[in-house]
Structures are given as structure tokens and as C-alpha cells.
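K.L.:
structure of the sequence below:
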Amino acid sequence: MAGTSQSAPEDRGGDMSPDSPTEAFLTHRNLLFTVAYEMLGSAADAEDVLQETWLRWAGVDLETVRDQRAYLVRITTRQALGRLRTLGRRKESYIGPWLPEPLLTAPDVAEDVELADSVSMAMLLVLETLTPTERAVFVLREVFDLDYDEIAEAVDKSPAAVRQIAHRARAHVAARRPREVVSPAETRDALQAFQRAIETGDLQNLLDILAPDVVLLTDGGGIKQAALAPVVGADLVAQVLSRVEAVASLQPAQVNGYPALIARLDGEIDTVLAVRIADGLIAGLYAVRNPEKLSYIERETALHR
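P.N.:
The predicted model follows:
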């Protein structure tokens, strides 16, 4: 890796020799990004992992590789595990709540219900409660349906150990994930009611769409103004939201596979607001304001299983 300046290739067309390292990498690039993003919750770090994956892949003799997809996923997983441990130390000194980096996603992500669920803000926050190895095993097994032998190679564990880790991670996630399957249409309806209440300043309508025990998490990263602790309860959350600057324009968007809102001030993205719906009401609000986390909202990111 040292002494080279190769960059991970992006698909811009042009000629590539059959079965070249570049062609193989580009074939699986969106899959590899999705693996890394689901493990890290950070698009910027996922791109760094892809760069590291490419540098290692470029030096591999393809004739020795039986399954290119599995080999690339294995490299990506190992790089992401190392990065995940570094991220953990970074989060310990993070100012206020840490939220995943939001992605503007294409309609096809929402159509893949399992993929959309796995990259939703609510689910990524649940994955944050797993150990790095548990998270890797859960993502590779439950989202990408890799067999235990493949996962064992990726995380340097025995297949028997991976089975135990997968069982433990599934139970952990099941106890914490949203229990209700919510359609994009239901999320969109709740968001439209929420947007109307915010834009009209109607506090009662705002309270009507919030669950009594709603939780608001705001991520300013110490750069933008944000609550330094979760705001809990409809009354308190409504008070905070009622102070949203009236000059902000709210724009519906597909973020992490689900309907969300983008708030702009003077044409610039100020906040990305994702929600969790339960029983038709907003039970969770995730407001990302840290400008370092908003660069992937300007263009769609392709995700793939």
C-alpha cells in the first residue's frame, strides 16, 4: 500500500480488458460500498475503505481467486473492521449525539424493503450497539446472505464461532429494532403532516403527529447548534421544533431508503431530518446538522445487495 498513489476506480465507461482487476472491482463497487457503509454508518469512511480495498485488490493475482465477489467482500470487511474500531474512539470524544451520515438514495433502494430497512437511520443506530465483530457478522449474514464459511474467513473466526456470534447479534438487534413494519407511504403521510405543522407554526397539529414518548436526536458535531442530549417527550420536542427558523425551506427527499426532509437556508442544506414511525405517529426524529456529514445529500448514492 505504501508508495502507491492509485485511486479506487469509478465507472466512467471506456475500455477494460475482460476479467481485469478494474472491471471486477467496478462490477462489485456498489455492493462493497454498501457493506462498508452498513458497518460504519459513515459514507466518507466507507469511501476510504473502498480505496484501501482497491489498493489491496490491485495487487492480487486473479488466477488464484475462485470467487471475486467473496474475495472483495472479505477485503472490504477486514478494512471496515479496522476503521470501525478507530471510529469508536472518535465517537467517544464527539460533541453531542452521533448520528449516521445520511445518504440521498435512489427509488430502487426503497423498493428493496430489506435493503431500505438495513440502511435506515433507526436500524443503523441499533447496529451501533453491537460490537465490531457482531456488526460485521450481522450485516454479512442478515443483509447480504453470505454463508457462515465465507463470513468466518472475513472476520477471522471459525464457522462455529460465527454461528454463535450471529445468533447473539440477531437476538440483540431483535430486542432493539422497531417492531412495526412501516410502508414508505405511511412515512410520507406522517412527514407531510409534520411539514405542514412546522411551516404553519401550528403547535397543536405538531403535537398531534408526535408520539407521546417521541425522541429527538440532533447531531451538530460541535459545529452547528444542536441539543447535546436526546430530547424526550412530545411537549419538549414540539418546543424545540417550534423554534425552527421560519426562513428554512423544507424539501421532501429519499434518505437512507425512506422519505425524509431536507431543510435549506439561503439555498444551502442546513439539516437532514429522518423519522421513525410507530402506530402512524412520529416516534423518532433524527436531525443531522453537522455540515461534515451532509455532502452525500447533494447527489444520489447507489446501494446494492
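K.L.:
G220 and N290 touch, don't they?
P.N.:
Yes. Distance between G220 and N290: 5.7 Å, which falls inside the contact criterion (CB atoms under 8 Å). In this view, the C-beta of every residue, glycine as well, is placed from N, C-alpha and C.
K.L.:
which parts of stretch 221-229 are buried?
P.N.:
Going by neighbour count (16 or more other CB atoms under 10 Å), the buried part of stretch 221-229 is G221, K224, A226, A227.
K.L.:
in this protein, what helix or strand scores lowest on average pLDDT?
P.N.:
Least confident helix or strand of the chain, by mean pLDDT, DSSP states H and E, is helix 107-111 with a mean of 88.
K.L.:
pull out the buried positions in that helix.
P.N.:
V109, A110.
K.L.:
next SSE downstream of it?
P.N.:
Where DSSP states H and E defines the elements, the next helix or strand beyond helix 107-111 is helix 113-119.
K.L.:
and the contacts of that next one?
P.N.:
Residues outside helix 113-119 that contact it (CB atoms under 8 Å, 6 or more residues apart in numbering) are 34, 37-38, 103, 105, 109-110, 123, 139, 142-143, 181, 184, 256-258, 303, 305.
K.L.:
just the CA trace of it, in PDB.
P.N.:
Presented in PDB, the C-alpha positions along helix 113-119 are these (Å, rounded to 0.1, in the frame of the first residue of the first chain):
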ATOM      1  CA  VAL A 113     -37.600  -3.400   1.600                       C
ATOM      2  CA  GLU A 114     -34.800  -5.400   3.400                       C
ATOM      3  CA  LEU A 115     -32.100  -3.100   2.000                       C
ATOM      4  CA  ALA A 116     -34.000   0.000   2.900                       C
ATOM      5  CA  ASP A 117     -34.600  -1.300   6.400                       C
ATOM      6  CA  SER A 118     -31.000  -2.200   6.900                       C
ATOM      7  CA  VAL A 119     -29.700   1.400   6.000                       C
END
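K.L.:
adding secondary structure, write the buried residues of stretch 221-229 out as CSV.
P.N.:
Below are the buried residues of stretch 221-229 laid out as CSV (DSSP: H, G, I helix; E, B strand; the rest coil):
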residue, secondary structure
G221, coil
K224, coil
A226, coil
A227, coil
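K.L.:
show me which of the residues you listed is closest to A152.
P.N.:
G221 (36.6 Å; CB to CB).
K.L.:
where's the nearest residue to that closest one once chain neighbours are set aside relative to Q164, distance?
P.N.:
Spatial nearest neighbour of G221, excluding adjacent residues (CB to CB, 6 or more residues apart in numbering): N290 at 3.3 Å. Separation of N290 from Q164 (CB to CB, to the nearest Å): 37 Å.
K.L.:
more neighbours: which of the two?
P.N.:
Shown here are N290 and Q164; by other CB atoms under 10 Å, N290 has more neighbours (22 against 12).
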